[in-house]
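**Q** Sequence first, predicted model second:
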Amino acid sequence: MLMACLVWTGILYAQEELQQEIQAAMELQAEEGVPVEDDAQWQLLQSYLKHPLDLNRADEGDLQAMGVYDAVAGHVVPAV
Amino acid sequence: MTPLQVTSFLQYREGCGALRSIYELQAVPGWDLPLIRRLIPYIRAGDEGNVMEYGRRGEHSVLWRHTHPPRMPDGYEGSSDKLMFRYRYSLPGHASWGVTAEKDAGEQFFGGAQKKGFDFYSAHLFAAKVKGIYALALGDYVVNIGQGLIQWHSMALGKGSSVMQVKREGEVLRPYTSAGEYYFFRGAGITLKYKRWAVTTFTSYRKLDASADSTGISALLVTGYHRDSAELSKRNRVRLFTAGACLQYHMPDGHVGINVVTHRLSANLLPETTLYGKFAMTGSNIMNASVDYTKGYRNVHLFGELAINSSGQWAGVQGVLASVGPQVDVSLVYRRFARAYTALYPNAFAANSKPVNESGLYMGLSLKPAPRWEVSAYTDLCRFPWLKYRVNAPGTAMDALVLAVWRPSKQVETSWRYTWREQGLNETGMAALPYVGRVRTENLRWHTEMKVGANCTWRARVEVNRRERETATAHGWLAYQECQWRLTGTPFRLGGRVTRFDVQGEGNGLYASENGLLYDYAVSRFSGSGWQWYLNVQYRLSKAVTCWFRIHQTSEQRVRQPLLWQWQVIGRW
């Protein structure tokens, strides 16, 4: 039970931290005038939120995509 | 996650075998606790699913979003509402299909010029990793190649606080699922893999909006707005045929690729009449070729691309990422783009929005000087050998960023960010003729975030800036308070923010992104003096259906604008 609570709390905090990083990236993109209508990265993150990426099966492409989305992706990933 | 961390993980997994638990990630060189915490919601390890579980990973989703903007200029033929619909099935990394439809504010809906309903429709079918077919895209898709010198449709980072995220990376073919009307191809593409070789070919035929007459095209239009007769007259004015191919040889920790993209427009792009646009793209045939590579070796990751267009103009990017110590990473990117280099869909790491007329050196540094501290910094020096928009002479620019993040506990994070930029800008001042002056912009931001209990997050920010021109100096500031609150025992989640701002001076602005609806971008630009507030309500109707409602209002110079309101429903099963 204690472990489950720790993991759940970790997930909540991780989402908030990711939001912060992503927001910072978005603001800089807006300052640079980069078009921000592409929401593919949010969709991918939401998919992984429900069905997490299996690190033992992920290939380089999957991890690269996660890496880019980790930094660029949409600004809010609320738990749905 | 940086390329260095990806390489490090793959090497660890190859050497030590499959991960037995997510906690084993702490043993991967270069993976620290903040990164692992950030990724935990999106990854798993050590709990291998069976075939049935794998099949259940696929998900259908339907989205409906209705946005009512606060004001709409007169003269548009449609209603002021913006509508979006999307259906998608997605099995991440393996399959995706769906339809997207959108109507922008001011466009007609089931009437007038839009008898088919929405102004924009998009559909895609995508499959990946099916035997020898690594990726197959039908309908609308995006293509991202190398470092973005000849082709990059997707969003990519520019200079920012993620100083190690300076490399373009990702799959060449991806499905297109967004509502933007310009940055995608329509047709088919396929990637085949055989042992270490991968070959991608793609072809596309679509119509583009353009300002054009019988002599040719004066401008390609990217906004996708068709709100009045003038904009409707420019709709689908030119046809674009595109074909391309990439051949890649993959080796441990890297690849080498040869890439070609060619476009044919149905009319000639006319030369620009401005002096700064003297070397802009002209004609109807646009062709680019490039070689690109990435290679990791121990704690160093190299990447680069060298490209040429059909008129023999060159562009090149070369970068290095390195871990020079357990807590120290550095990044270096050198780029050089000829003043007459052209490409239709480039998106490379650059100071300008396009890789043209620029040479520069970017140096980034990421430090973890103490367990709870992170410091990032970069500086970028660049030179522009030809004139630019609003800069009537060759010139230089410099910018720098320093970001310090302090996490005294899991509940609190505070950061300080300082940015500095100097660049040229046309000035008139008291001189008889315009001349190029210097503009210096400085921003200082303090941001803090605190978790209050398990369900509440409080954020605050104060930011000041100074924009100094030869003719005037302007100052600005903003401050906001924000709270996100998950109501215990109910399906509601609330969020809101109040912002006070005072940003003076022509061209001066401050930016802040907002917690908006899921999948919707919301970044405010603050100029003038006033207030802004918004309130978001998220309501989980059932396990499969979630609703959002949002209201937003800005008051500027004591004039209260009408409310912006939005609602959205997403169903998933």
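**A** It's in.
**Q** mind showing which ranges of the stretch 1-150 of chain B have poor pLDDT?
**A** Counting by pLDDT under 70, the stretch 1-150 of chain B contains low-confidence ranges at B:47-56.
**Q** near chain A, which residues of it?
**A** Residues of the stretch 1-150 of chain B lying near chain A by C-beta under 8 Å from any C-beta of the partner chain: B:1-3, B:5-6, B:9-10, B:13, B:18-19, B:22, B:25, B:34, B:37-46, B:48-49, B:57, B:59, B:88, B:90, B:92-93, B:142. For the C-beta atoms, the positions are set from N, CA and C on the backbone; glycine is no exception.
**Q** Tell me which entries of those lie within strands.
**A** Among these, DSSP state E puts B:Ile43, B:Arg44, B:Glu59, B:Arg88, B:Ser90, B:Val142 in strands.
**Q** In the residues you listed, which residue is surrounded by the most others?
**A** Greatest neighbour count in those, by other C-beta atoms under 10 Å in any protein chain shown, goes to B:Val142: 28 neighbours.
**Q** give me every residue that touches B:Phe492.
**A** By C-beta atoms under 8 Å, 6 or more residues apart in numbering or on different chains, the contact set of B:Phe492 is B:Arg486, B:Val537, B:Gln538, B:Tyr539, B:Arg540.
**Q** hey, what's it bridged with?
**A** B:Tyr539 (DSSP bridges).
**Q** gap between it and chain A?
**A** Noted for B:Phe492: a distance of 12 Å to chain A, by C-beta to the nearest C-beta, to the nearest Å.
**Q** quick one on the thing from earlier: tell me the one among the ones in strands among the residues of the stretch 1-150 of chain B next to chain A nearest to B:Phe349.
**A** Distances from B:Phe349 to these, taken as C-beta to C-beta, are shortest for B:Val142 (18.2 Å).
**Q** Spit out the contact partners of the nearest residue to the closest one once chain neighbours are set aside.
**A** Among residues not flanking B:Val142 along the chain, B:His153 sits closest, at 3.7 Å (C-beta to C-beta, 6 or more residues apart in numbering or on different chains). Shown in contact with B:His153 (C-beta under 8 Å, 6+ apart): B:Val142, B:Val143, B:Asn144, B:Tyr176, B:Tyr183, B:Phe184, B:Phe185, B:Tyr345, B:Asn347.
**Q** got a pLDDT number for the last one?
**A** Per-residue confidence for B:Asn347 comes out at a pLDDT of 91.
**Q** Over to it. Which of the three states is it?
**A** What DSSP: H, G, I helix; E, B strand; the rest coil gives for B:Asn347 is coil.
**Q** so how far is chain A from B:Gly437?
**A** Taking C-beta to the nearest C-beta as the measure, B:Gly437 falls 21 Å from chain A.
**Q** Likewise for B:Ser161?
**A** 5 Å.
**Q** unless I'm mixing things up, that residue is touching B:Tyr418, no?
**A** No: counting by C-beta atoms under 8 Å, B:Ser161 does not reach B:Tyr418; the two are 11.0 Å apart.
**Q** excluding its backbone neighbours, what's nearest B:Gln423?
**A** Counting by C-beta to C-beta, 6+ apart, B:Ala397 is the residue found nearest to B:Gln423 once chain neighbours are left out, at 3.9 Å.
**Q** any idea which helix or strand comes after the helix or strand hosting that neighbour?
**A** Assigned by DSSP states H and E, B:Ala397 belongs to strand B:395-409. Downstream of strand B:395-409, the first helix or strand assigned by DSSP H and E is strand B:412-427.
**Q** Next, the contact list for B:Ser331, please.
**A** So B:Ser331 contacts B:163-164, B:166, B:319-322, B:362-366, B:378 (C-beta under 8 Å, 6+ apart).
**Q** now, which of those residues lie within strands?
**A** Secondary structure from DSSP E places B:Gly319, B:Val320, B:Leu321, B:Ala322, B:Tyr362, B:Met363, B:Gly364, B:Leu365, B:Ser366, B:Tyr378 of the contacts of B:Ser331 in strands.
**Q** out of those, which is most surrounded?
**A** Highest neighbour count within these: B:Leu321, with 27 neighbours (other C-beta under 10 Å).
**Q** How about the contacts made by that one?
**A** Contact analysis of B:Leu321 by C-beta under 8 Å, 6+ apart lists B:Thr2, B:Pro3, B:Leu4, B:Met164, B:Val166, B:Lys167, B:Val300, B:His301, B:Phe303, B:Asp329, B:Val330, B:Ser331.
**Q** Filter these down to the buried ones, PyMOL style.
**A** To isolate the buried ones among these in PyMOL, judged by 16 or more other C-beta atoms under 10 Å in any protein chain shown, type:
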select buried, chain B and resi 2+3+4+164+166+167+301+303+329+330+331
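**Q** and which of the contacts of B:Leu321 is nearest to B:Val523?
**A** Nearest to B:Val523 among the contacts of B:Leu321: B:Val166, at 21.8 Å, using C-beta to C-beta.
**Q** rewinding a little: I'd like the contacts of B:Phe492 laid out as CSV, including neighbour count.
**A** Below are the contacts of B:Phe492 laid out as CSV (neighbours: other C-beta atoms under 10 Å in any protein chain shown):
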residue, neighbour count
B:Arg486, 20
B:Val537, 15
B:Gln538, 23
B:Tyr539, 15
B:Arg540, 15
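**Q** In which helix or strand does the residue nearest to B:Leu478 when sequence neighbours are not counted reside?
**A** Nearest non-adjacent residue to B:Leu478, counting by C-beta to C-beta, 6+ apart: B:Phe501, 4.0 Å away. Here B:Phe501 sits within strand B:492-503, counting by DSSP H and E.
**Q** my read: B:Ser204 touches B:Phe185, true?
**A** Yes: between B:Ser204 and B:Phe185 there is a contact at 3.5 Å, judged by C-beta under 8 Å.
**Q** Now do the shared contacts for these two.
**A** Counting by C-beta under 8 Å, 6+ apart, the shared contacts of B:Ser204 and B:Phe185 are B:Thr242.
**Q** who's more crowded, these two?
**A** B:Phe185 (26 against 19).
**Q** Identify all contacting residues around stretch B:374-383.
**A** B:34, B:159, B:161-163, B:331, B:351, B:358-369, B:394-405, B:407.
**Q** And the residue nearest to B:Val142, how close does it get to B:Tyr345?
**A** Going from B:His153 to B:Tyr345 by C-beta to C-beta, to the nearest Å gives 6 Å.
**Q** so who does B:Ser529 touch?
**A** B:Phe501, B:Asp502, B:Val503, B:Gln504, B:Glu556, B:Gln557.
**Q** what's the closest of these to chain A?
**A** Of all the contacts of B:Ser529, chain A sits closest to B:Val503, with 13.1 Å by C-beta to the nearest C-beta.
**Q** The closest one contacts B:Arg466, doesn't it?
**A** No: using C-beta under 8 Å, B:Val503 and B:Arg466 do not qualify as a contacting pair, with a distance of 10.9 Å.
**Q** Report the set of residues contacting both of those two.
**A** What both B:Val503 and B:Arg466 touch, as defined by C-beta under 8 Å, 6+ apart, is the set B:Ala474, B:Gly476.
**Q** So those two - more neighbours on which side?
**A** Each of B:Val503 and B:Arg466 has its neighbours counted (other C-beta under 10 Å); B:Val503 has more, 22 against 17.
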